[in-house]
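J.: coords please:
(one chain, ligands or ions: 1)
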Amino acid sequence: MTDDLLNEFPEYNDAYRAGFVSFVGRPNAGKSTLTNALVGEKVAITSSKPQTTRHTIRGIVHRPQTEGAPGAQLVLVDTPGLHRPRTLLGSRLNDLVIDTLSEVDVVGFCIPADEKIGPGDRFIAGQLQKLPHKPVVALVTKTDKVPRADLAEQLMAVDQLGREHLSGDGRKTAGFTAIIPVSAARGEQTDVVTDELIAMMPKSPPLYPSGELTDEPERVMIAELVREAALEDVRDELPHSIAVTVEEMLPRDGRPEDKPLLDIHATIHVERNSQKAIIIGRGGSRLKQIGSAAREGIKKLLGTPVYLDLHVKVTKEWQRDPKKLNRLGF
Ligand SMILES: Nc1nc2c(ncn2[C@@H]2O[C@H](COP(=O)(O)OP(=O)(O)OP(=O)(O)O)[C@@H](O)[C@H]2O)c(=O)[nH]1
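T.: Okay, the predicted model is just below:
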């Protein structure tokens, strides 16, 4: 811990808890929305399209120390969905997820209340069996979408899934360590999730300064904001084919100090000419929309106005080419 950090937490005591949590679950299970609800600020992007979270994004929940409760910090590591790999990108993502999971203190397995448990969930449960000493909490998400009776049934099905896949192998408990229903959209039970997870964290000094919500580099967050804007209203096959790189971020010369402007040059990579045409739109209209939506988000993130220069580039077969994947930051 640095001196700065010690100054930030002059009062932390022996009961302080801090550690890492990772949410897994199939695409659209509600991981990003839950991360945002727990952290209380938009740090992970959400979208109604599956598979939009490619980067490991951390949100940090700080619980200040009070008379009744010691302080705590939960570092949330948001991962892409674990899934059966179909491309090189897919298998790299899975490796990344397993690596991440072996490092965290607790895994939160997100299972939507409104969808039957399926092969995707069983695949993930099977993967978690590879980490026999890791506590796994089941988070039954989107409870606002189902009537109570259906929720009760889903909780039993989730319990069953845990008992089938997470028993034996030196595990302390048979099945999930806990099963918690939650609605991130309504903020119902989110505090229960936080409390349960904190109780499972090791005793540790704080890991981050108190104001810090994410340590994701700005560039990556900016690229994600552009990607999020580009994904709005596009056909289903497109999301998998979009990657964004930020080439340059420079303060504009000659601006008064109290009115800075940041020049950002970014590239949207697609795989085919037809996709490039979709992104650009008639007479450049879609690209303009993407630019202004992304610009708003970036301005909010950085607190300064930005000039956003977007290019669309066909990077053929980038999902299958290791060299291109490396260049795009995967
Ligand atoms: N009604 C309701 N909808 C929710 C809730 N949580 C998430 N959603 C919706 O479910 C969809 C998927 O949510 P995300 O948080 O993006 O899911 P994810 O698991 O991060 O998805 P990937 O990034 O694709 O893995 C979005 O349209 C959310 O608005 C909830 O508590 N209630």
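J.: switch to C-alpha atoms for all contacts and neighbour counts from now on
T.: OK.
J.: Low-confidence stretches in this protein?
T.: Low-confidence segments of the chain, defined by pLDDT under 70: 1-12, 41-58, 78-96, 168-173, 208-217, 233-241, 317-330.
J.: Going by the annotation, which residue ranges form each domain of it?
T.: For the chain, whose domains are defined here by automatic domain parsing, the residue ranges read 3-199, 218-327.
J.: closest one to the ligand among these?
T.: Go through these one by one with CA to the nearest ligand atom and the one that ends up closest to the ligand is domain 3-199, at 3.4 Å.
J.: mind listing what residue 16 touches?
T.: Residues touching residue 16, when contacts are defined by CA atoms under 8 Å, 6 or more residues apart in numbering, comprise 70, 71, 72, 203, 204, 205, 206.
J.: let's go with 7 Å and repeat that
T.: Residue 16 sits next to 70, 71, 72, 203, 204, 205 when contact means CA atoms under 7 Å, 6 or more residues apart in numbering.
J.: Of these, which is the most crowded?
T.: Among the contacts of residue 16, residue 72 has the most neighbours (other CA atoms under 10 Å), with 27 neighbours.
J.: on that earlier part again, output the contacts of residue 16 as CSV; include the columns secondary structure and distance to residue 103.
T.: Conversion of those to CSV gives the following (DSSP: H, G, I helix; E, B strand; the rest coil; distance: CA to CA, whole Å):
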residue, secondary structure, distance to residue 103
70, coil, 24
71, coil, 22
72, strand, 19
203, strand, 16
204, coil, 15
205, coil, 17
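J.: Which one of those residues is nearest to residue 24?
T.: For the contacts of residue 16, the closest approach to residue 24 (CA to CA) belongs to residue 72, at 22.2 Å.
J.: Bridged to that closest one, which residues?
T.: residue 17, residue 63 (DSSP bridges).
J.: contacting residues for it?
T.: Residue 72 makes contact with 16, 17, 18, 62, 63, 64, 198, according to CA under 7 Å, 6+ apart.
J.: And residue 175, by the same measure?
T.: Residue 175 makes contact with 159, 162, 163, 166, 167 under the criterion CA under 7 Å, 6+ apart.
J.: now, which of those residues sits nearest residue 122?
T.: Using CA to CA, residue 162 is the member of the contacts of residue 175 that lies nearest residue 122, at 9.5 Å.
J.: Assign a three-state SS to that closest one, would you?
T.: Following DSSP: H, G, I helix; E, B strand; the rest coil, the label given to residue 162 is helix.
J.: any idea which element the residue nearest to it when sequence neighbours are not counted lies in?
T.: Distances taken as CA to CA, 6 or more residues apart in numbering put residue 175 closest to residue 162, at 4.0 Å, once the chain neighbours are dropped. Secondary structure here is read from DSSP states H and E; on that basis residue 175 sits in neither a helix nor a strand.
J.: any chance you could map the strands in the stretch 51-200 of the chain?
T.: Secondary structure of the stretch 51-200 of the chain (DSSP state E, counting those that start in this stretch): strands at 57-63, 72-78, 106-112, 136-141, 178-181.
J.: What separation is there between residue 30 and residue 71?
T.: 27 Å (CA to CA, to the nearest Å).
J.: With residue 305 instead?
T.: The gap separating residue 305 from residue 71 is 36 Å, by CA to CA.
J.: Many thanks, have a good one.
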